[in-house]
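In: sequence first, then the predicted structure:
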Amino acid sequence: MKTKLRVYAVIGLYIAGVAATVTIALGIILGEFSLPVQISLAITVLGLAAFMFMNPESVRQFLTGRQAKYGSNSLVMIIATLGILIVVNLLSINNTVRWDLTEDKQNTLASETLDTLKSLPSPVFAQAFFTPRISSEVARTTLQNYKANSNGNFDFEFIDPDADPVAANKAGIQTDGTIVLTMENKQELITRVTENEITSALIKLMHPGERVIYALTGHGERNFLTSSELSYKQVRDTLVLKNYTVNELNLISTKTIPTDALAIIIAGPQKQLSTEEVTLLKDYLAQGGSLVILYDPSVLTQFGEEPDPLAELLSSEWGLIFGDDLIIDLTADPPSVAVAASYTQHPITEKLEGMVAILPSARSVQLSAENPKNAITLASTTDQSWAETDIASLENNEVTFDQQADLMGPIPLAVAIEDHTTGSRIVAFGDSDFADDSYYKSYGNGDFITNAIDWAAGQNNLINLTPRTQTNRLLIAPQKYVQGAIMFGSIFAIPGIIIISAVIIFIQRKREI
């Protein structure tokens, strides 16, 4: 009877082997100790138990014979090796050490950042909102660098706003790839993951200060408080998330500009500002104030033929000229939409790389040749556009390019001007529609307007990090015969030497026997 059972014992061993393989495979694939894994593990145990029951003599011989002696030695070595690996792993977890082996130390934080992390008065927690549609690898590496150098005062988590819309709505997330930094009850929001942006946000958290900007009212400007397609509610919401306070300002009634105004936004006025208001703004600029001006084409406003004191001030003292035209862009549909297809390098546009901005109805914004300030054109259309000056043809929807009267593309859509003497800044756009609630999330529109406000308010560059100089490396391919020698050595020579050596050793051992 025992002999018959011994014959079938090997079947139990086979079953145990197959079940063990399945257990390992399921564990790796499923990544958890689920019911299928548990069942296959139970079958493994039952198979081994059946083998031991039906062939106890083999088990006894295995445990007491020469195989057991060598097997026990191997088991001890395996356990010792695993123990060493576990200890090393625990030590590495509890004592994290990072080495930057790049020649230019590109993965090492700047000294200013390290000083900022050391001086954090309270822990900072970062929530990175990334969907699977964009890569989070750079953000994860950067945030890990901050965490590793923060002495426990910086931590982070990644959240998929599609999978957790409640958290995204609570944080006010409007752009994929946004990071929200929180310290105590203060928050800073960034949409571009760079060391400069994160460190600047940390400094803002440490030195919150009051950041107040004003939206001019009284001339039919865009509303920042209510929500509608034509309002600037989303602009205001983004600014509030960045710790700005946005207040309305009516110079007709107050006749004074608050001293805490970092910038004043003039968004799409339908009527001209009065001479008295422009005088107040002129004095404000002379004292280092800043303006963000969004002027729609005159054909879409109620300016009429009356003089525009603000436009005259900007032209005479700042070299800023708003064209009496409407841009026609043949690359857009409809062609009355102007596409900002190219940007000039500037703090406002550096985050817009690879993104267009669309201006639904825009006029040209030009700089005079005698411009005495430090000025730059921020964005322009393609050469498949022109600035139409025939207002009658615009009203009749019968526009054609006039080589004598119209300006051929690229057409400037926005400019930035800075007076280095007073520190005052002006950003001017030839359209206000692109930043309203119906277009704010289109392409780079939202970033364009908020970047402009940041720069005008002097909040774009709170810290200048130590610049890194990258070593340019040029790979010089070896000559053809060198490539052939490398291929021959790696594919034939080295394997051939190993095989010949093995044959020689085999023959020598055969002779010794």
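Out: That came through fine.
In: use CA for all of it now, contacts and neighbours both
Out: Noted.
In: centre-most residue in the protein?
Out: residue 192 (3.8 Å; CA atoms, centre = their mean).
In: surely that residue touches residue 180?
Out: No: using CA atoms under 8 Å, residue 192 is not in contact with residue 180, being 11.1 Å away.
In: got phi/psi on the residue nearest to the centre of the chain?
Out: phi -130, psi 120 (degrees, to the nearest 10).
In: what about residue 351, which SS state?
Out: helix (DSSP: H, G, I helix; E, B strand; the rest coil).
In: okay, it: pLDDT?
Out: Turning to residue 351, the model gives it a pLDDT of 76.
In: helices and strands of this protein: which one bottoms out on pLDDT?
Out: When each helix and strand of the chain is scored by mean pLDDT, DSSP states H and E, helix 66-94 comes last, with a mean of 61.
In: looking at the helix or strand following that one now, give me its mean pLDDT.
Out: Once the chain leaves helix 66-94, the next helix or strand it forms, by DSSP states H and E, is helix 111-118. The average pLDDT within helix 111-118 is 83.
In: again, but for stretch 368-381
Out: Mean per-residue pLDDT for stretch 368-381: 84.
In: residues of stretch 284-296 that come out buried?
Out: Buried residues in stretch 284-296, counted by 16 or more other CA atoms under 10 Å: 284-285, 288-296.
In: what of stretch 183-190?
Out: Under 16+ other CA under 10 Å, the buried positions of stretch 183-190 are 183, 187-190.
In: ok, stretch 448-459 next?
Out: So for stretch 448-459, counting by 16+ other CA under 10 Å, buried means 448-458.
In: check stretch 158-166 too.
Out: Neighbour counts over stretch 158-166 (16+ other CA under 10 Å) mark 159-161 as buried.
In: I'd like to know how far the spatially closest residue to residue 365 that is not a sequence neighbour sits from residue 414.
Out: Residue nearest to residue 365 in three dimensions, not counting chain neighbours: residue 322, with 4.8 Å by CA to CA, 6 or more residues apart in numbering. Distance, residue 322 to residue 414, by CA to CA, to the nearest Å: 10 Å.
In: between the two, which contacts overlap?
Out: Residues touching both residue 322 and residue 414 (CA atoms under 8 Å, 6 or more residues apart in numbering) are 364-365, 430.
In: any chance of the buried residues of stretch 448-459 in a markdown table, plus distance to residue 150, secondary structure and pLDDT?
Out: A markdown table is the format used below for the buried residues of stretch 448-459 (distance: CA to CA, whole Å; DSSP: H, G, I helix; E, B strand; the rest coil; pLDDT from 0 to 100):
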| residue | distance to residue 150 | secondary structure | pLDDT |
| --- | --- | --- | --- |
| 448 | 32 | helix | 92 |
| 449 | 33 | helix | 93 |
| 450 | 30 | helix | 90 |
| 451 | 29 | helix | 89 |
| 452 | 32 | helix | 93 |
| 453 | 31 | helix | 93 |
| 454 | 27 | helix | 89 |
| 455 | 29 | helix | 92 |
| 456 | 32 | helix | 93 |
| 457 | 30 | coil | 91 |
| 458 | 27 | coil | 87 |
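In: ok, which stretches of the stretch 401-513 of the chain are strands?
Out: Remark: strands assigned in the stretch 401-513 of the chain by DSSP state E, counting those that start in this stretch are 407-408, 412-418, 425-429.
In: neighbouring strands for the second one, and are they parallel or not?
Out: Right, the one you point to is strand 412-418. Sheet pairing here is set by DSSP bridges, and for strand 412-418 it gives strand 374-380 (antiparallel), strand 425-429 (antiparallel).
In: how distant is the last one from the center of its chain?
Out: Read that as strand 425-429. Relative to the centre of its chain, strand 425-429 is centred 25 Å away, using CA atoms, centre = their mean, to the nearest Å.
In: and the strands paired with strand 412-418, which is most packed in?
Out: Of all the strands paired with strand 412-418, strand 425-429 carries the top mean neighbour count, a mean of 26, counting by mean count of other CA atoms under 10 Å.
In: quick check: mean pLDDT of it?
Out: Average pLDDT, strand 425-429: 95.
In: just the pLDDT at residue 229, thanks.
Out: Reported pLDDT for residue 229: 81.
In: so it touches residue 435, yeah?
Out: No: using CA under 8 Å, residue 229 is not in contact with residue 435; the gap is 10.2 Å.
In: so the residue nearest to residue 245 when sequence neighbours are not counted bridges to which residues?
Out: With CA to CA, 6+ apart as the measure, residue 212 is the residue that lies nearest to residue 245, at 4.7 Å, once sequence neighbours are left out. For residue 212, the beta-bridge partners are residue 245, residue 261 (DSSP bridges).
In: wait, residue 212 sits on residue 259?
Out: No: using CA under 8 Å, residue 212 is not in contact with residue 259; the gap is 9.8 Å.
In: who has more neighbours, those two?
Out: Higher neighbour count among residue 212 and residue 259: residue 212, with 19 against 9, using other CA atoms under 10 Å.
In: list the contacts for residue 498?
Out: Residue 498 neighbours (CA under 8 Å, 6+ apart): none.
In: could you measure from it over to residue 504?
Out: Residue 498 sits at a distance of 10 Å from residue 504 (criterion: CA to CA).
In: and of the strands of the stretch 401-513 of the chain, who's closest to residue 55?
Out: The closest of the strands of the stretch 401-513 of the chain to residue 55 is strand 412-418. By CA to CA, the value is 88.2 Å.
In: and the closest one, how far from the chain's centre?
Out: 25 Å.
In: got the contact list for that strand?
Out: Contacts for strand 412-418 (CA under 8 Å, 6+ apart): 318, 340, 362-367, 373-381, 424-430.
In: okay, now the domains of this structure?
Out: The chain breaks down by automatic domain parsing into domains covering 2-94, 210-324+360-384+408-456, 475-513.
In: for these, which one ends up most surrounded?
Out: Among the domains of the chain, domain 210-324+360-384+408-456 has the highest mean neighbour count (mean count of other CA under 10 Å), at a mean of 19.
In: now the terminal residues of that domain, how far apart.
Out: Across domain 210-324+360-384+408-456, first to last residue, CA to CA, it's 16 Å.
In: buried residues in stretch 199-210?
Out: 199-206.
In: of the residues you listed, just say which sits nearest to residue 114.
Out: Using CA to CA, those come closest to residue 114 at residue 199, 9.3 Å.
In: so what's that closest one closest to, chain neighbours aside?
Out: Closest to residue 199 by CA to CA, 6+ apart is residue 113, at 6.0 Å.
In: run a quick neighbour tally on that neighbour.
Out: 25.
In: can you add distance to residue 170 and give the strands paired with strand 412-418 back as CSV?
Out: As requested, the strands paired with strand 412-418 are exported to CSV (distance: least, CA to CA, whole Å):
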stretch, distance to residue 170
strand 374-380, 34
strand 425-429, 32
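In: which stretch among the ones you listed comes nearest residue 124?
Out: Comparing the strands paired with strand 412-418 by CA to CA, strand 425-429 comes nearest, at 32.4 Å.
In: just to revisit the earlier point, which of the strands of the stretch 401-513 of the chain sits closest to residue 276?
Out: Going by CA to CA, the one of the strands of the stretch 401-513 of the chain nearest residue 276 is strand 425-429, 19.6 Å.
In: what residues does that closest one touch?
Out: With contacts defined as CA under 8 Å, 6+ apart, strand 425-429 is touched by 285, 288-295, 365, 413-419, 452, 456.
In: what about 6 Å?
Out: By CA atoms under 6 Å, 6 or more residues apart in numbering, the list of residues contacting strand 425-429 from outside reads 290-294, 414-418, 456.
In: so can I have JSON lines of the residues you listed showing distance to residue 406?
Out: What follows is the contacts of strand 425-429, written out as JSON lines (distance: CA to CA, whole Å):
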{"residue": "290", "distance to residue 406": "31"}
{"residue": "291", "distance to residue 406": "29"}
{"residue": "292", "distance to residue 406": "27"}
{"residue": "293", "distance to residue 406": "24"}
{"residue": "294", "distance to residue 406": "22"}
{"residue": "414", "distance to residue 406": "18"}
{"residue": "415", "distance to residue 406": "20"}
{"residue": "416", "distance to residue 406": "24"}
{"residue": "417", "distance to residue 406": "25"}
{"residue": "418", "distance to residue 406": "29"}
{"residue": "456", "distance to residue 406": "31"}
